[in-house]
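Engineer: No letters, just coordinates:
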C-alpha cells in the first residue's frame, strides 16, 4: 500500500490561508489503512483547522468528505457537489489522488494535506516500513523475495557492502541489513546458489529516471 | 462580567474515576462546579475526535480520568488513552491551543480524594491559562470588552 504522513497543521494553514471555504477530502483506500488520510483523520484535521482558524482569525469554513478512492474517476464523481461548493480542496490522499482530483476539477485549487512517503507494509502496530520503490523491473526473484534496491541503503545487487553491524544497516542502524535477510531467506528456501550469479548493473530507464511512466493495455482500451 | 469560569469536561472511566467521583459526592468532598463529568465505559473508548470536537465547541479544558496503570478493567484501555492523549496534545499545540488544557490522570475507584485534588489542580491550571486565545478574545482583552 501507499504510505503517507500528515502535514502539520501550521503547514496546512499556510497552504490554505488565501481561501475561506475549504473541503477536507479524504480517501478510503491506502491512506485510511496507514491512518493518515481516511475518514477519521479527515475529521481530526478538519477540527484542528477550525480551531486554528478561530485562534488565528482566518475565517475558514471547513467541510469534510471521504470518498472510497481518489485515484479513480468513478469515485471522484461522488465528490463533485462538495468540490463545487468550496473554494479549495485539501486532499488527504496520496500524491496520485491529489493530482487526480486536480485534473478532474481544473478550476479548483487542490492541495496536498499529506506527504506521500513510500510503498510499504504495516510491520507492527504503528510501524510502517518501505518495501518497494516501484522501479518498474522487479528483481525479487533473484533475492528470495527481499528487495535489495529498496531495503539496502546502497542498493547493492551483488552482496553486502561490509558495513553492516550486528545484522543491521550502517546507514539506518534501526533497520535490518537487507543482505543479511537475503542470505538467510535464500538459505531457508534452498536457493543459496543464486548468489553465485553476478547480476548486471540495473537498467533504470524503467524507473522514474526514464521519465513519467505509463502502462497501456490495448486489450482493455475502448 | 465576573471572574472567568472555565468550562471543563472530565471524561471519567466507569470502573474507577466515575465511582471515585460518586464517592466524592457521598463523602461530601467539594470540587469546582466548572467540571462536567461524562461517564465513559473505558478511557480507551475515547476517540481523538471527541477531544477535538469538545475544544472546537468551546470547552476550555479536558480532563481524562482513567484507571491506575496496570488495573484497567479492559486490560490496557487506559494505556491506549494515554498514548492518544499525548498525540492529541501535539495536534492541539499545532492548532494553537496550549497542551496543558488536556490532561490525563489515573485514579482508583476508591480515590475520591486524589480525584478531587486532580480536578482542583486542573481547574486552577485552566483558569490561569484563561480563555482559549482567539483573535476575538485577544481583541476583547486589549479593548477591555467582555470583562
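Structural biologist: Thanks, I have it. Nothing here was measured: the structure is a model prediction, and the numbers come from that model.

Engineer: worst-scoring helix or strand of the chain, pLDDT-wise?
Structural biologist: I'll assume chain A. In chain A, the helix or strand scored least confidently by mean pLDDT, DSSP states H and E is helix A:73-76, which has a mean of 94.

Engineer: before we move on, what about chain B?
Structural biologist: For chain B, counting by mean pLDDT, DSSP H and E, that's helix B:135-143 with a mean of 64.

Engineer: Can you tell me how far the closest residue to residue B:24 other than its chain neighbours is from residue A:176?
Structural biologist: Leaving aside its chain neighbours, residue B:24 sits nearest to residue B:112 (4.0 Å; criterion: CB to CB, 6 or more residues apart in numbering or on different chains). Placement of C-beta: from N, CA and C, glycine included. Distance, residue B:112 to residue A:176, by CB to CB, to the nearest Å: 51 Å.

Engineer: Looking at these two, which has the bigger crowd around it?
Structural biologist: Ranked by neighbour count (other CB atoms under 10 Å in any protein chain shown), residue B:112 and residue A:176 place residue B:112 first, with 22 against 17.

Engineer: ok, residues contacting stretch A:210-222?
Structural biologist: Residues from elsewhere that reach stretch A:210-222, judged by CB atoms under 8 Å, 6 or more residues apart in numbering or on different chains: A:136, A:204, A:206.

Engineer: right, and the second one touches residue A:133 too?
Structural biologist: In this case it means residue A:204. No - the criterion here is CB atoms under 8 Å, and residue A:204 misses it with residue A:133 at 10.6 Å.

Engineer: Could you break chain A into its assigned domains?
Structural biologist: A:2-118, A:133-210 (automatic domain parsing).

Engineer: neighbours around the residue lying closest to residue B:10 once chain neighbours are set aside, how many?
Structural biologist: Nearest residue to residue B:10 in three dimensions, chain neighbours excluded: residue B:63, at 4.3 Å (CB to CB, 6+ apart). Using other CB under 10 Å, the number of residues around residue B:63 comes to 25.

Engineer: Give me the nearest residue to the closest residue to chain B within chain A, chain neighbours excluded.
Structural biologist: With CB to the nearest CB as the measure, residue A:57 is the residue of chain A nearest to chain B, at 2.9 Å. Once flanking residues are discounted, residue A:57 sits nearest to residue B:135: 2.9 Å by CB to CB, 6+ apart.

Engineer: Hmm, the one you found is touching residue A:56, no?
Structural biologist: Yes - the pair residue B:135 and residue A:56 qualifies as a contact (CB under 8 Å) at a distance of 6.6 Å.

Engineer: Quick check on those two: which one has the bigger neighbour count.
Structural biologist: residue A:56 (17 against 14).

Engineer: The residue lying closest to residue A:156 once chain neighbours are set aside and residue A:202, how far apart?
Structural biologist: The spatially closest residue to residue A:156, leaving aside those adjacent along the chain, is residue A:148, at 5.8 Å (CB to CB, 6+ apart). Residue A:148 sits 10 Å away from residue A:202, going by CB to CB.

Engineer: Give me the helices and strands touching the longest helix along chain A, please.
Structural biologist: Criterion DSSP state H: the longest helix present in chain A is helix A:39-56. Judged by 3 or more CB pairs under 8 Å, 6 or more residues apart in numbering or on different chains; DSSP states H and E, the packing partners of helix A:39-56 are helix A:9-16, strand A:21-27, helix A:30-33, strand A:61-67, strand A:88-92, helix B:48-56, helix B:77-95, helix B:135-143.

Engineer: Just the buried residues of the first one, please?
Structural biologist: Of the residues in helix A:9-16, those scored as buried under the neighbour-count criterion (16 or more other CB atoms under 10 Å in any protein chain shown) are A:9, A:12, A:13, A:15, A:16.

Engineer: Equivalent analysis for the longest one, please.
Structural biologist: Neighbour-count burial for helix B:77-95 flags B:77-82, B:84-85, B:88-89, B:91-95 (criterion: 16+ other CB under 10 Å).

Engineer: Give me the secondary structure label for the spatially most central residue of chain B.
Structural biologist: For chain B, residue B:63 is the residue whose C-alpha lies nearest the centre (CA atoms, centre = their mean; 1.6 Å). Of the three states, residue B:63 takes strand under DSSP: H, G, I helix; E, B strand; the rest coil.

Engineer: so what's it up against?
Structural biologist: B:8, B:9, B:10, B:11, B:35, B:103, B:104, B:105, B:118, B:119, B:122.

Engineer: Can you tell me who it pairs with across the strands?
Structural biologist: Here residue B:63 sits in beta bridges with residue B:10, residue B:103, as judged by DSSP bridges.

Engineer: So for it, what's the pLDDT?
Structural biologist: Looking at residue B:63, its pLDDT is 98.

Engineer: Scan chain A for its longest strand.
Structural biologist: strand A:114-124 (DSSP state E).

Engineer: Can you give the strand pairings for the next helix or strand after that strand, parallel or anti for each?
Structural biologist: As assigned by DSSP states H and E, the chain's next helix or strand after strand A:114-124 is strand A:127-132. In the sheet, strand A:127-132 lines up against strand A:114-124 (antiparallel) (DSSP bridges).
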